[in-house]
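Here's my sequence, what's the structure:
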Amino acid sequence: MAGYPGGGIGFAAVVGGSALFQYMFLAGGGGHVVARSMGGRDISKETNHEVVQMVRELAHKANIPCPAVYIIPTQQLNAFAAGMNPKNAVVAVTQVLSSTPIDSVFLLLTACVICANAA
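Now for the predicted structure:
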């Protein structure tokens, strides 16, 4: 930014303003915003769903509030946790992962996601 009067300060203002905007945007909706932006569907109230049951059980064992559970419509194997506090925490799994037979690898992945969300 050399050669531009106030270039470094202007750049810092833009970056700082952008970061503040993102923080305020996510603070309001947290993980729900992230999951919905990926086309996610909240299945937290579907008590018969295996993923919801597993997340509830693991959250109970970890002694943390149960996060919302979302299914992301994609055929990629993926899961993530998002949210800035327990009130807006989300655990999301992709459609293909949610229909994969529940085994120890999936249990471990889900446990890691919940533990990361509780930190």
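
show me where the chain has strands.
41-42, 68-72, 79-82, 90-94 (DSSP state E).

Pipe the ones you listed into a markdown table and attach mean pLDDT and distance to Thr100 per row.
Heads up, the C-betas are built off the backbone N, CA and C, glycines and all. A markdown table is the format used below for the strands of the chain (pLDDT from 0 to 100; distance: least, Cβ to Cβ, whole Å):
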| stretch | mean pLDDT | distance to Thr100 |
| --- | --- | --- |
| strand 41-42 | 94 | 18 |
| strand 68-72 | 92 | 12 |
| strand 79-82 | 82 | 11 |
| strand 90-94 | 87 | 9 |
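
out of those strands, deepest packed?
strand 90-94 (a mean of 26; mean count of other Cβ atoms under 10 Å).

distance of the closest residue in space to Ala82 that isn't next to it in sequence from Pro67?
In this structure, Ala82 finds its nearest non-sequential neighbour in Gly31, 3.4 Å apart by Cβ to Cβ, 6 or more residues apart in numbering. The gap separating Gly31 from Pro67 is 7 Å, by Cβ to Cβ, to the nearest Å.
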